[in-house]
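**Student:** test case, fold it:
(chains A and B)
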Amino acid sequence: MNRKRIIELFILITIFITIWLNSNIFAAVYEASTLHNAVSRSETVQDLFSERWKLIEEQELYFDFYGKLNWVPGFKINTINKGTGEKEAVDMRLIRTYGSVTVNYPIIGGYEGKTIAERMRKGPGAKKKSEEGGLWKPKNLILGFTATGFHYGLTSETSVDRGDAGTESVTDYKYTQFFDDIFAASLLYRPYFFIHGGVIINNQIEPNDDGTMDYGNSTNRTTRYFVSSNLLSFLNLNAATTKDKVESIAVGLIINNGLKFFMKPPSLLPRLTVTYKKLALFNDEPYDPVWVVKSKGTAINLSDSEKDSADLHTLSLLIEWDLLSRIFIAGFAEYQKPSKTLIEKRTVTSDTDPGEEVEYAPIREMRASLGYNFLSAGKPSRAVLTFGLSRYWDVAIPVHRESGEGYTLTGGFLEFKWESPWYGIELKGAYNYSSELRKLVETADKFMIETSIFARF
Amino acid sequence: MKMNRKFFIYMITVLSILTVTFGTGCSYVSDTIEGLITNRASFSIDVAYDSSSEIISITWDENGGSDFAGFEVYVTETRDDEYSGYELVASRHALPSGTYAGDLSNKYSGSFSYNVSSIVNGVFPKGPGTYFYRIGIIKWDDDEKDRTSDNGYVVDSNGTWLDNDVNYNNKTEIDQISGAAMVDIY
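**Tutor:** You can find the predicted model right below:
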């Protein structure tokens, strides 16, 4: 497939997604939940950090930059119009922006290529050789630094008629803006282990009444600590804590790499990863959709002594299959179980109403995707069109969905990615896709569009 | 690969400067970029109405950056509606007939005043009510050296671009926009 056809395909996808977005009809009114849950947001930014580092390791990168802009239009917000002093539903847009920069320095050894010039000629990852000497002969020690950040927030858009100079649109910040950043140091002693450690800074900022915002005007700033590690290329151990408690623990096994201790895995065996997670997700906070253990009535804010907390335990299987760098298949399924009884807040109508217990579905998420590379497998560049389908269960879905009932949503995504060894772009549209709902359940029944760029060597 | 130590230190320094410059992390950098793409309101203005003289006064502290073309003043086209679109009130160059409320021919002015009672029909604001004002900082589409006829600018006989209405209307865009300042006109 030549470059012209790739560009044509890219334009077609852009048009398709634009039409898709413009044909959307929005109904429900926004209620924030996951946005205010710093535990959930911390998990999201850690997942993005891990996702990026997985690629950095596969491609053996010294430098990686990644930027993503994500727009979800159609959030109907019940807000006071200062012109009338009365409440009305106003269309707003959720924006999510993500940036990540990683720099790695080889203290001992290094990756492929004797010089930067040689590496630039060959390209990262594409000419990678197998590990010299196998599993027990490490060849390099690498020190890295990563800054990763995610911003979430609502904005409103207004048109400005400039007379004969035309019309432009401008945007204002609306409601609380959330900024989550990771600063991490990494040590890789390949293939024995790697370890990432750092801080997660969750910051909330209230915009000014006129729609502007001062980054220094923080209203709630918390710090968490995290560690993410891998032993012998097959055992992942991750945790995030506050000063007071451990909020999340994850243990993962990369089955294929484990098998290498005993046998040579079949080359066509898909990569299998099994992960257990424990998340301190429910804490009787105002934004939680459930009460823990028992109903606390219709109260919004409780004192700390009145609050209960519960964990969510999950067990997942991820299957990734790269068929000759031409076809990419992925599948994911996750089992879930809360540690305590949960009462759905929606069913609590008075302070004496015990409400209804949530019947947690055993399967939290199922998704599958299929990608096809339009460029020949031997080339260092790729042009991959991927689509996926999913099913996602979340106790907050009834709060955010625009039609129907129940805790489950089925959705999908379409993505086009073009990458050379050094840089690339992505364009993605999704509707109720589980990975997006997992990041932010408020996007239920809403289309999203996303564009990303990256550069690396 | 032997990575140059100086290069690594250079990269870390650049990262540190970026981090310090933009606040505390990548989330702020990426938000800033998104804000630039979508013309996010980035500075505040003051607006006041003197009912005895019926004069609206708007003041701001911002200066234009590179390729600065002038300021523009906008007001909500519908009264009592914060989310209404905005119409042009004043500009450096002449406005369309029937909507002229004043000019900002002094490119570097930090204030603008006008008498709402002397405005002809069709000029904003339209009668008593609550209105919202904004200031736009306008920039040329190109650096001065690129303002050529090949790039669509009207030029004089020497080939020098002209700072006139035609170029202003065709070759400028909003660089920065203020937040919305509310005022009651009665």
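**Student:** please count neighbours and contacts with C-alpha atoms only from this point.
**Tutor:** Noted.
**Student:** the most far-flung residue of chain A relative to its centre: what's its closest spatial neighbour, skipping adjacent residues?
**Tutor:** Ranked by distance from the centre of chain A (CA atoms, centre = their mean), the top residue is A:Asp164, with 43.1 Å. Spatial nearest neighbour of A:Asp164, chain neighbours left out: B:Asn169 (5.8 Å); criterion: CA to CA, 6 or more residues apart in numbering or on different chains.
**Student:** let's verify the one you found: helix, strand, or coil?
**Tutor:** Going by DSSP: H, G, I helix; E, B strand; the rest coil, the secondary structure assigned to B:Asn169 is helix.
**Student:** what sits against it?
**Tutor:** Residues near B:Asn169 by CA atoms under 8 Å, 6 or more residues apart in numbering or on different chains: A:Asp164, A:Ala165, A:Gly166.
**Student:** just to revisit the earlier point, quick check, the residue farthest from the centre of chain A in a strand?
**Tutor:** No: assigned with three-state DSSP, A:Asp164 falls outside any strand and is helix.
**Student:** now do the same for it: its pLDDT.
**Tutor:** We have a pLDDT of 86 for A:Asp164.
**Student:** ditto for A:Gly406
**Tutor:** A:Gly406 is given a pLDDT of 91.
**Student:** I'd like the distance between it and chain B.
**Tutor:** The spacing between A:Gly406 and chain B, counted by CA to the nearest CA, to the nearest Å, is 34 Å.
**Student:** that residue - nearest residue in space that isn't next to it in sequence?
**Tutor:** Excluding the flanking residues, the one nearest A:Gly406 by CA to CA, 6+ apart is A:Pro398, at 5.9 Å.
**Student:** domains of chain A?
**Tutor:** Taking automatic domain parsing as the domain assignment, the record places the domains of chain A at A:1-29+A:363-457, A:31-231, A:234-312+A:332-360.
**Student:** quick one: the ones you listed as TSV, columns for distance to B:Glu87 too.
**Tutor:** TSV is the format used below for those (distance: least, CA to CA, whole Å):
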stretch	distance to B:Glu87
domain A:1-29+A:363-457	25
domain A:31-231	5
domain A:234-312+A:332-360	39
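**Student:** of all those, which one is nearest B:Tyr74?
**Tutor:** Closest of the domains of chain A to B:Tyr74 is domain A:31-231, at 7.5 Å (criterion: CA to CA).
**Student:** output the longest helix belonging to chain A.
**Tutor:** Selection of the longest helix in chain A by residue count, based on DSSP state H, yields helix A:38-59.
**Student:** next, see if the helix or strand just after that helix gets close to chain B.
**Tutor:** For helix A:38-59, the succeeding helix or strand toward the C-terminus, using DSSP states H and E, is strand A:63-81. Yes: against chain B, strand A:63-81 shows contacts by CA under 8 Å from any CA of the partner chain at A:Gly67, A:Lys68, A:Leu69, A:Asn81.
**Student:** how about the first one: what's its closest non-neighbour residue?
**Tutor:** Distances taken as CA to CA, 6+ apart place A:Gly99 nearest to A:Gly67, at 4.4 Å, with adjacent residues excluded.
**Student:** same check on A:Ala89?
**Tutor:** A:Asn78 (4.4 Å).
**Student:** ok, the one you found to chain B distance?
**Tutor:** A:Asn78 is 13 Å from chain B, where distance means CA to the nearest CA.
**Student:** pretty sure that residue sits against A:Glu88.
**Tutor:** Yes: under the criterion of CA atoms under 8 Å, A:Asn78 makes contact with A:Glu88 at 5.3 Å.
**Student:** these two - which one has more neighbours?
**Tutor:** Using other CA atoms under 10 Å in any protein chain shown, the more surrounded residue of A:Asn78 and A:Glu88 is A:Asn78, with 16 against 13.
**Student:** what's the pLDDT at that one?
**Tutor:** Note for A:Asn78: predicted pLDDT of 77.
**Student:** cool, B:Asn121 as well?
**Tutor:** 46.
**Student:** now the helices for chain B?
**Tutor:** Under DSSP H, chain B gives helices at B:5-21, B:26-37, B:165-170.
**Student:** what residues of the last one count as buried?
**Tutor:** So the one you mean is helix B:165-170. For helix B:165-170, burial by neighbour count (16 or more other CA atoms under 10 Å in any protein chain shown) applies to B:Asn167, B:Tyr168, B:Asn169, B:Asn170.
**Student:** ok, stretch B:145-160 next?
**Tutor:** In stretch B:145-160, counting by 16+ other CA under 10 Å, buried: B:Arg147, B:Thr148, B:Tyr153, B:Val154, B:Val155.
**Student:** grab the longest strand from chain B for me.
**Tutor:** The residue-count maximum for a strand in chain B (DSSP state E) belongs to strand B:129-140.
**Student:** need the helix or strand of chain B with the lowest average pLDDT.
**Tutor:** Ranking every helix and strand in chain B by mean pLDDT, DSSP states H and E puts helix B:5-21 at the bottom, with a mean of 60.
**Student:** contact partners for B:Gly159?
**Tutor:** By CA under 8 Å, 6+ apart, the contact set of B:Gly159 is B:Thr148, B:Ser149.
**Student:** next one: phi and psi at it?
**Tutor:** Phi and psi for B:Gly159, reported as degrees, to the nearest 10, are phi 80, psi 10.
**Student:** what's the end-to-end length of stretch B:158-175?
**Tutor:** Using CA to CA, to the nearest Å, the end-to-end distance of stretch B:158-175 comes to 29 Å.
**Student:** any low-confidence regions in chain A?
**Tutor:** A:1-34, A:110-139 (pLDDT under 70).
**Student:** and with 50 instead?
**Tutor:** Applying pLDDT under 50 to chain A flags residues A:15-30, A:126-127, A:130-137.
**Student:** quickly list what the closest residue to A:Asn70 other than its chain neighbours is bridged to.
**Tutor:** Using CA to CA, 6+ apart and skipping the chain neighbours, the partner closest in space to A:Asn70 is A:Glu450 (4.3 Å). Per DSSP bridges, the residues bridged to A:Glu450 are A:Asn70, A:Lys428.
**Student:** gap between A:Glu450 and chain B?
**Tutor:** 12 Å.
**Student:** A:Glu157 now?
**Tutor:** Relative to chain B, and taking CA to the nearest CA, A:Glu157 is found at 8 Å.
**Student:** remind me which helix or strand that residue belongs to.
**Tutor:** strand A:140-161.
**Student:** so what are the sheet partners of that strand and their directions?
**Tutor:** According to DSSP bridges, strand A:140-161 forms sheet pairs with strand A:86-108 (antiparallel), strand A:167-190 (antiparallel), strand B:86-90 (parallel).
**Student:** could these be laid out in CSV, adding distance to B:Thr78?
**Tutor:** As requested, the strands paired with strand A:140-161 are exported to CSV (distance: least, CA to CA, whole Å):
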stretch, distance to B:Thr78
strand A:86-108, 16
strand A:167-190, 17
strand B:86-90, 8
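**Student:** and A:Leu317, backbone torsions?
**Tutor:** phi -130, psi 130.
**Student:** in three-state terms, label the residue nearest to it when sequence neighbours are not counted for me.
**Tutor:** Counting by CA to CA, 6+ apart, A:Val274 is the residue found nearest to A:Leu317 once chain neighbours are left out, at 4.6 Å. What three-state DSSP gives for A:Val274 is strand.
**Student:** A:Val274 pairs with what?
**Tutor:** Note on A:Val274: beta-bridge partners by DSSP bridges are A:Leu253, A:Leu317.
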